[in-house]
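S.K.: What follows is a predicted protein model with its sequence.
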Amino acid sequence: MKQDQNYLWWQSGIIYQVYPRSFQDSDGDGVGDLCGIISRLDYLKWLGITAVWVSPIYPSPMADFGYDISDYCGIHPLFGTMDDFDKLLKEVHKRDMKLILDLVPNHTSHKHAWFEESRSSKDSPKRDWYIWQDAQEDGSEPNNWLSVFGGSAWEWDKQTEQYYYHAFLKEQPDLNWRNPEVQQAMFDVMRFWLDKGVDGFRVDVMWHMIKDEKLRDNPANPDYKAHQATYEQLIPAYSTDQPEIHNIVAKMREVTDAYEERVLIGEIYLPVHRLVTYYGQNNNGAHLPFNFTLITLDWDARSISSHVDEYEGALPEGGWPNWVIGNHDQPRITSRIGREQAKVAAMLLLTLRGTPTLYYGDELGMRDVPIPADRIQDPQGLNMPDKDLSRDPARTPMQWSEKDYAGFTTTEPWLPLPNNYQRVNVEVQKEDQYSMLSFYRRLIKLRQQEPALHVGDYQPVITSGPLVAYTREKDGKKFMVVLNLSHKPCTLKEEHQHYTGKVVLATDPEREGEAVKGSFNLYGDEGILVELAKSMAY
Ligand code: NOJ
């Protein structure tokens, strides 16, 4: 596929997230692994993916399925060996794709040698690598901070009689990023992988990395609702998004920039005006602070349209946009907005201005899979059983074929498959021109062929009701995207401009080739991509 040479790969390309436990098992233990990923790279190439982000593959006690790392420079035997990793990197590059690793700098596993040393004594040289605090006079926690996974964020250490802070599980103690030794140690980890040739990092919970120096209490959240996670009871004003974080991110960027064409992506759940600060002063921060607004917003045309415009307007000069509709922490898009809207969502993700990140299986329309109570694995689900917060339903095995266990493994997989996998899988959908997979592939192909779509300018088209519409343009070639976010038919009224062109891609392919002139109708759940006549380009 021809891509515009004036842009970097992480600007013009498409990122695909692989959750390694669930992508492909090669050794029959029911859990995915590196050799499994290698065996599926041709599929990703066929789909048109240009960069693969792999969630953590490092040694870990798996309290949080790899986000609790006990050795940053190794490979968990469950996933394979360092040789397998080297082969993966080579095979990805051989196919002219990029490999992005997950970096989890905010916390380690409690089994990491750094923490074991730190907790061994108050005088340990690594004591200050983590956040240790005395109890208050009455023995209670140093402040009111809560853990994202439920309960207090402070854990009492009997042996040394102090509390340590953990934003997530108690098995995930937070590192003290104010300590320069911690910074250097993590920068060395980055260099270890960059030296090997990885193309960048997705940095876990970037906005959590520095906490208020005075550890002040977080204020109560007046909007808290009982169904929400207990963490939401407070506004994390002092435990996240502190001003000093930008200095740390700039240093990580410096490490990254010492290598050619690598990318730094930040996982950040914040409102747009805070999110964009992570691009840094003069863009010296993250290249791509992940933009999750399409996940967190209601699926409503008016709020989505205005948010796209707000985001476009808030981006700093030179800041490159990006969009995400799913990941391993969120319900799948198909389950959130319904099957009928899933193609519309794909069209939005792949035609907005900015780098799209796809979550494995969304290209098949995979749904959240109900998990029987005795098979729930996710600590977030297990710790708050009454809140329905388990992330397992969105982490089930990739559905490759009609074969036993969907071709993912040869034994009972770590999470169950849905009962429709014999119909919803790669092999079946490849053969069906109306399938979600065929739609994704055609959309990706068109996007990557047309500079207007992968790097072109964005302009909103004024609409009302359930329609979202905008144009993309580059070098005199212009497209209009019109999406109906409702199930009912709807008309794009010709209010401001007389649109003339031809439908080049549609959620229902029957519509392709149709001429568009002025106002036109859309079916419910329909999305169309119109190539506008030359005279329509500015
Ligand atoms: C964000 C990750 O995406 C999530 O899966 C994990 O549980 C937390 N960070 C803690 O590392």
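M.R.: It's in.

S.K.: For this structure, which residues are neighbours of the ligand?
M.R.: Residues of the chain lying close to the ligand (C-beta under 6 Å from any ligand atom) are D64, Y67, V104, F168, D204, V205, E267, H328, D329. Where C-beta positions appear, they are placed from N, C-alpha and C, glycine not excepted.

S.K.: Narrow those to those that are buried.
M.R.: Neighbour counting by 16 or more other C-beta atoms under 10 Å classes D64, Y67, V104, F168, D204, V205, E267, H328 among these as buried.

S.K.: Let me know whether the second one touches A167 as I believe.
M.R.: What it means is Y67. No: the pair Y67 and A167 fails to qualify as a contact (C-beta atoms under 8 Å) at a distance of 11.3 Å.

S.K.: Let me see the backbone angles for V426.
M.R.: Main-chain dihedrals, V426, degrees, to the nearest 10: phi -60, psi -50.

S.K.: for it, what are its contacts?
M.R.: Shown in contact with V426 (C-beta atoms under 8 Å, 6 or more residues apart in numbering): Y43, L364, M398, Q399, W400, S401, L437.

S.K.: Kindly reformat these as a markdown table containing pLDDT, neighbour count and secondary structure.
M.R.: Formatted as a markdown table, the contacts of V426 follow (pLDDT from 0 to 100; neighbours: other C-beta atoms under 10 Å; DSSP: H, G, I helix; E, B strand; the rest coil):
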| residue | pLDDT | neighbour count | secondary structure |
| --- | --- | --- | --- |
| Y43 | 99 | 15 | helix |
| L364 | 98 | 22 | helix |
| M398 | 98 | 26 | coil |
| Q399 | 98 | 27 | coil |
| W400 | 98 | 20 | coil |
| S401 | 98 | 16 | coil |
| L437 | 98 | 20 | helix |
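
S.K.: Closest to the ligand out of those?
M.R.: Nearest to the ligand among those, counting by C-beta to the nearest ligand atom, is M398 at 17.8 Å.

S.K.: thinking again about what came up before, what touches both of Y67 and A167?
M.R.: By C-beta under 8 Å, 6+ apart, no residue touches both Y67 and A167.

S.K.: Can you lay out the contacts of V426 as TSV showing distance to V424?
M.R.: Converted to TSV, the contacts of V426 look like this (distance: C-beta to C-beta, whole Å):
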residue	distance to V424
Y43	16
L364	6
M398	11
Q399	6
W400	11
S401	11
L437	9
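
S.K.: Contact partners for whatever residue of the chain ends up closest to the ligand?
M.R.: In the chain, the residue that lies nearest the ligand is Y67 (3.3 Å; C-beta to the nearest ligand atom). Contact partners of Y67, counting by C-beta under 8 Å, 6+ apart, are P56, S60, D102, V104, F168, Q172, D204.

S.K.: Give me the pLDDT value at K534.
M.R.: On pLDDT, K534 comes in at 76.

S.K.: residues contacting it?
M.R.: Residues in contact with K534, defined by C-beta under 8 Å, 6+ apart, are G476.

S.K.: so what's the nearest residue to W46 once chain neighbours are set aside scoring on pLDDT?
M.R.: Take W46 and drop its neighbours on the chain: the residue closest to it by C-beta to C-beta, 6 or more residues apart in numbering is R441, 7.5 Å away. Listed pLDDT for R441 reads 98.

S.K.: do K517 as well
M.R.: In this model, K517 is scored at 89, pLDDT.

S.K.: List the residues that contact it.
M.R.: H498, Y499, T500.

S.K.: same check, this time on N322
M.R.: Applying C-beta under 8 Å, 6+ apart to N322 gives the contacts I265, L288, P289, F290, N291, G354, T355, P356, T357.

S.K.: For it, name its beta-bridge partners.
M.R.: Under DSSP bridges, the beta-bridge partners of N322 are T355.

S.K.: circling back: could you dump the contacts of Y67 into CSV with distance to D309, secondary structure and pLDDT added?
M.R.: Listed next are the contacts of Y67 as CSV, based on distance: C-beta to C-beta, whole Å; DSSP: H, G, I helix; E, B strand; the rest coil; pLDDT from 0 to 100:
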residue, distance to D309, secondary structure, pLDDT
P56, 35, coil, 98
S60, 41, coil, 98
D102, 31, strand, 98
V104, 34, coil, 98
F168, 34, coil, 98
Q172, 38, coil, 98
D204, 30, coil, 98
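
S.K.: Helix, strand or coil: sort out K343 for me.
M.R.: Using DSSP: H, G, I helix; E, B strand; the rest coil, the secondary structure recorded for K343 is helix.

S.K.: How about the contacts made by the closest residue to it other than its chain neighbours?
M.R.: Spatial nearest neighbour of K343, excluding adjacent residues (C-beta to C-beta, 6+ apart): T507 at 4.3 Å. T507 makes contact with K343, V344, M347, F439, D525, E526, G527, I528, according to C-beta under 8 Å, 6+ apart.

S.K.: number of nearby residues for the third one?
M.R.: Looking back up the chat, that one is M347. Counted with other C-beta atoms under 10 Å, the neighbours of M347 add up to 25.

S.K.: Tell me the spacing between V308 and V482.
M.R.: In this structure, V308 and V482 are 14 Å apart, going by C-beta to C-beta, to the nearest Å.

S.K.: Quick check: neighbours shared by those two?
M.R.: V468.

S.K.: Out of the contacts of K517, who's the most crowded?
M.R.: Within the contacts of K517, Y499 tops the neighbour count with 21 neighbours, counted by other C-beta under 10 Å.

S.K.: Would you check that that residue makes contact with I528?
M.R.: No: in this structure Y499 lies outside contact range of I528 using C-beta under 8 Å: 11.2 Å.

S.K.: mind listing what P372 touches?
M.R.: P372 neighbours (C-beta under 8 Å, 6+ apart): P416.

S.K.: separation between it and P385?
M.R.: As defined by C-beta to C-beta, P372 lies at a distance of 13 Å from P385.

S.K.: for D195, same thing?
M.R.: In this view, D195 and P385 are 44 Å apart by C-beta to C-beta.

S.K.: More neighbours: which of the two?
M.R.: Ranked by neighbour count (other C-beta under 10 Å), D195 and P385 place P385 first, with 12 against 9.

S.K.: any idea which element R119 lies in?
M.R.: Using DSSP states H and E, R119 sits within helix 113-120.

S.K.: Centre of the chain to that helix, how far?
M.R.: Centroid separation between helix 113-120 and its chain, computed with C-alpha atoms, centre = their mean, to the nearest Å, is 31 Å.

S.K.: just checking, what packs against that helix?
M.R.: Contact here means 3 or more C-beta pairs under 8 Å, 6 or more residues apart in numbering; DSSP states H and E; on that basis helix 113-120 packs against no helix or strand.

S.K.: So which residue is dead centre in the protein?
M.R.: N327 (4.7 Å; C-alpha atoms, centre = their mean).

S.K.: Nothing else from me, thank you.
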